[in-house]
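Enquirer: Fold the following, please.
(chains A and B)
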Amino acid sequence: MVESKEFRVLSPTAILGYGFPEASFQRGLNRNPHLIAVDAGSTDPGPYYLGIGKSFTDRAFVKRDLRYLLKAGVEKKIPVVIGSAGGAGASSHLRWCQEIIEEIATEEKLSFKLGIIPADVEKKKVLSALSRDKISPLKYVHELTPVHVKESTAIVAQMGIAPLQQALEKGCDVVLAGRSYDPAVFAALPVMLGYDPGLALHMGKILECAAIASTPGSGADCALGILKSDSFVLEPLNPKRRFTTESAAAHTLYEKDDPYHLPGPGGVLDLTDCKFKQVDSSRVEIRGTRFVPSEKPNVKLEGARLVAYRSISIAGTRDPIMIKNIDKIIGEVREQIDEMMSRDKVEGDIYFHIYGKNGVMGEMEPLDFSQTSSHELGIIIEALGPTQDKADTLCSITRSTLLHYGYENRIATAGNLAFPFSPSDSSLGKVFEFSIYHLLELEEDEAEIFPCEVKEINCN
Amino acid sequence: MKKNIREAARVIRSKNAGPFELTFDVILSDEKWYDYFISHDILNREKICEIFKIQPERILSIVHFKPANAIKFTIKRERVSGAPGETDIYGAQQHAPLLDLEFEYTE
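Expert: Here you go, the predicted model:
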């Protein structure tokens, strides 16, 4: 077991591609970190990115961030670990990120051993697990059926620390992993060296958002984590920011339903006895977090499937008579469209997003529109169809119907909508939904589902 | 005396907790306010249902988290994030009705 020795982890940014100030990164390097780790992913941007196989971050900025990480890591011999490559972390995202890494290596003449860990799970494997009752839904999630599995265009599992450790044990200088449990990239190496997994994972949980947990918070700035044998310390890398007990504790709440028990691959992080202590004006020490291994370890599966194609039209109205009667008018237009759809066999669904009424909260909006009405409304007509052409058709007929609809008491007869753009309609392409969000019970060693490829990059 | 929650809380926010749940954090300004909110049961199940006009079954949990002076509650999303009809993919703008919460304050 490690005694009093520190293990310092540099977290450059909350999501690879969000950017960070060069000065903060340099301050981090001056602290001689033992690891540079970054999380690149999230399900927050919705199911599209996993389904279509594209990154939600911009290539130019991902390359910009990676260039700093790779140059520093290779030159100073600091391992670099990147998780949830390309955002959603499926193989297309992983290869996209790998291509950027190799481009940088060529441009900067860098040589290193690259470990690549895909997180995709074969449909065959998922179907087999499903038939043997080894898959369970998370809270509020539908029961999984073979149809969900077969229709998914991508299925990934969130890896924990074991597959990353396997790559590090093979001597990889840079590890690029597919979908990963956010804290895993920060915790894999220190846990391998004997540090406490509860503290390492909790530190990873905070560092995965980099400076978001400091005050003032930022997702585009660096932070340092210092892991010790029985605690860890958070240190800002920008003099503008401080970690406080409140900011660190508050971050533990973020995006989770129960801040005391945080489940992940292989076990639960238990914060019941966790203590936050202010060490000095900008640093916080945390202790007492425990990792409780599960009796039946599992990994979380994520999948997305194509459900429709989308076309939208953006417009607005300033007419007080139309605004006052908007619900009635939209209802009547909807009826007219429904009739047209059944008469002319147009398939699809229409949604009206009415900004100024309930565009943000939808059915959740507690305010009564008749009591709060705005002087203008933004209207987005959203049409979903089984093909792009059909979505475009439905959007077009809905837009023209609403534009010229002769509602009751109408005074302005030239047109009901103000369009900011020509063309007024845009084809937005494929629409995906989360088809899989389930736990897969592990029947083998975790590292076996996430095999590691090693590639020597020689660009000297 | 009536007070608005904005006088007592420094952070009020909503966000997805995964694509199927929506979680709300009310972080009180200090321990005093936290203790006041807990002892006076200001943000309880009934109040949340009243503010958001939802049924109690929709609330998954209400957790008091003292290290952050926070009250946290999580509800089932109206629809899975990104499903047809979605209005807020990240769930980051569903907190607003909480900002109008008023409570009775006695020293």
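Enquirer: Tell me how far residue B:59 lies from residue A:108.
Expert: 52 Å (C-beta to C-beta, to the nearest Å). For every residue, glycine as well, the C-beta is placed using N, CA and C.
Enquirer: Those two: which is more packed in?
Expert: residue B:59 (16 against 13; other C-beta atoms under 10 Å in any protein chain shown).
Enquirer: Show me where chain B dips below the pLDDT cut-off.
Expert: Of all residues in chain B, none has pLDDT under 70.
Enquirer: all helices in it, in order from the N-terminus.
Expert: In order along the chain, chain B carries the following helices (DSSP state H): B:31-39, B:45-52.
Enquirer: okay, those in a markdown table with mean neighbour count and distance to chain A next?
Expert: Formatted as a markdown table, the helices of chain B follow (neighbours: other C-beta atoms under 10 Å in any protein chain shown; distance: least, C-beta to the nearest C-beta, whole Å):
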| stretch | mean neighbour count | distance to chain A |
| --- | --- | --- |
| helix B:31-39 | 15 | 10 |
| helix B:45-52 | 15 | 6 |
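Enquirer: Strands of the stretch 151-300 of chain A, residue ranges please.
Expert: A:152-157, A:174-177, A:223-227, A:232-236, A:261-264, A:267-270, A:275-278, A:284-287, A:290-293, A:298-317 (DSSP state E, counting those that start in this stretch).
Enquirer: and the residue nearest the centre of chain B, what does it touch?
Expert: Central residue of chain B (C-alpha atoms, centre = their mean): residue B:24, 4.4 Å from the mean position. Residues counted as contacts of residue B:24 (C-beta atoms under 8 Å, 6 or more residues apart in numbering or on different chains) are B:12, B:13, B:14, B:72, B:73, B:74, B:75, B:94, B:95, B:98.
Enquirer: Quick check: the gap between the third one and residue A:91.
Expert: Here the criterion is C-beta to C-beta. By it, residue B:14 lies 33 Å from residue A:91.
Enquirer: Over to the first one?
Expert: Computed with C-beta to C-beta, the distance linking residue B:12 and residue A:91 is 40 Å.
Enquirer: Next: residue A:449.
Expert: To residue A:91, residue A:449 is 14 Å away according to C-beta to C-beta.
Enquirer: Near chain B, which residues of the stretch 1-150 of chain A? Just list them.
Expert: Neighbours of chain B within the stretch 1-150 of chain A, by C-beta under 8 Å from any C-beta of the partner chain: A:43, A:44, A:45, A:46, A:47, A:48, A:138, A:139, A:140, A:141.
Enquirer: Can you say which two of those are spatially most distant?
Expert: Spatially, the most separated pair among these is A:48 and A:139, at 23.2 Å (C-beta to C-beta).
Enquirer: The two - which one has more neighbours?
Expert: Neighbour tally, residue A:48 and residue A:139, criterion other C-beta under 10 Å: the higher count belongs to residue A:48, 21 against 14.
Enquirer: Run a quick check on the more buried one versus residue B:82, I expect a contact.
Expert: Yes. Judged on C-beta atoms under 8 Å, residue A:48 makes contact with residue B:82 at a distance of 6.6 Å.
Enquirer: Mutual contacts of those two, please.
Expert: Residues touching both residue A:48 and residue B:82 (C-beta under 8 Å, 6+ apart): residue A:432.
Enquirer: The nearest residue to residue A:391 once chain neighbours are set aside pairs with what?
Expert: Ranked by C-beta to C-beta, 6 or more residues apart in numbering or on different chains and with sequence neighbours excluded, the top spatial neighbour of residue A:391 is residue A:385, at 3.4 Å. Assessed by DSSP bridges, residue A:385 has beta-bridge partners residue A:309.
Enquirer: pull the helix or strand with minimum mean pLDDT from chain A.
Expert: Taking mean pLDDT, DSSP states H and E as the measure, the helix or strand of chain A with the lowest value is helix A:369-372, at a mean of 81.
Enquirer: of residue A:449 and residue A:91, who's got more company?
Expert: Higher neighbour count among residue A:449 and residue A:91: residue A:449, with 21 against 18, using other C-beta under 10 Å.
Enquirer: Show the contacting residues for the more buried one.
Expert: Residues in contact with residue A:449 (C-beta under 8 Å, 6+ apart) are A:121, A:157, A:159, A:163, A:299, A:442.
Enquirer: near chain B, which residues of the stretch 351-460 of chain A?
Expert: Contact residues (C-beta under 8 Å from any C-beta) of the stretch 351-460 of chain A with chain B: A:351, A:353, A:358-364, A:366-367, A:384, A:431-434, A:437.
Enquirer: and the residues you listed, which are buried?
Expert: A:351, A:353, A:358-359, A:361-362, A:364, A:384, A:431-434, A:437 (16 or more other C-beta atoms under 10 Å in any protein chain shown).
Enquirer: Go through those and say which is closest to residue A:324.
Expert: Distance to residue A:324 across these (C-beta to C-beta) is lowest for residue A:358, with 15.5 Å.
Enquirer: Please state the backbone phi and psi of whichever residue of the stretch 301-450 of chain A sits closest to chain B?
Expert: Residue nearest to chain B within the stretch 301-450 of chain A (C-beta to the nearest C-beta): residue A:362, separated by 4.1 Å. When read as degrees, to the nearest 10, the backbone of residue A:362 gives phi 60, psi -130.
Enquirer: on that earlier part again, report the beta-bridge partners for the residue nearest to the centre of chain B.
Expert: residue B:14, residue B:73.
Enquirer: Equivalent analysis for the one 4 residues further on, please.
Expert: Each beta-bridge partner of residue B:28 is listed here, defined by DSSP bridges: residue B:9.
Enquirer: what about it, neighbour count?
Expert: A count of neighbours around residue B:28, defined by other C-beta under 10 Å, yields 25.
Enquirer: In chain A, where is pLDDT below threshold?
Expert: The model of chain A has pLDDT under 70 over residues A:1-4.
Enquirer: tell me the domain ranges of it?
Expert: Each domain of chain A is listed here as a residue range: A:7-119+A:158-297+A:442-458, A:306-435, per automatic domain parsing.
Enquirer: would you list these in TSV and tack on distance to residue B:29?
Expert: Output for the domains of chain A, formatted as TSV (distance: least, C-beta to C-beta, whole Å):
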stretch	distance to residue B:29
domain A:7-119+A:158-297+A:442-458	9
domain A:306-435	25
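Enquirer: deepest of these, which one?
Expert: Among the domains of chain A, domain A:7-119+A:158-297+A:442-458 has the highest mean neighbour count (mean count of other C-beta atoms under 10 Å in any protein chain shown), at a mean of 21.
Enquirer: Quick check: end-to-end length of it?
Expert: 29 Å (C-alpha to C-alpha, to the nearest Å).
Enquirer: got it, and stretch A:19-35?
Expert: End to end - C-alpha to C-alpha - stretch A:19-35 spans 18 Å.
Enquirer: Distance from the chain centre to that stretch, please.
Expert: Relative to the centre of its chain, stretch A:19-35 is centred 24 Å away, using C-alpha atoms, centre = their mean, to the nearest Å.
Enquirer: Who are the contact partners of residue 79?
Expert: Using chain A. Residue A:79 touches A:34, A:35, A:36, A:73, A:168, A:172, A:173, A:174, A:175, A:189, counting by C-beta under 8 Å, 6+ apart.
Enquirer: Correction: the question concerned chain B.
Expert: B:85, B:86.
Enquirer: got it, and residue A:55?
Expert: By C-beta under 8 Å, 6+ apart, the contact set of residue A:55 is A:17, A:49, A:62, A:86, A:87, A:88, A:93, A:96, A:97.
Enquirer: List the residues that contact residue A:444.
Expert: Applying C-beta under 8 Å, 6+ apart to residue A:444 gives no contacts.
Enquirer: Okay, residue A:453 and chain B: tell me how far apart.
Expert: Computed with C-beta to the nearest C-beta, to the nearest Å, the distance linking residue A:453 and chain B is 30 Å.
Enquirer: Could you find the closest non-adjacent residue to that residue?
Expert: Spatial nearest neighbour of residue A:453, excluding adjacent residues (C-beta to C-beta, 6+ apart): residue A:116 at 4.6 Å.
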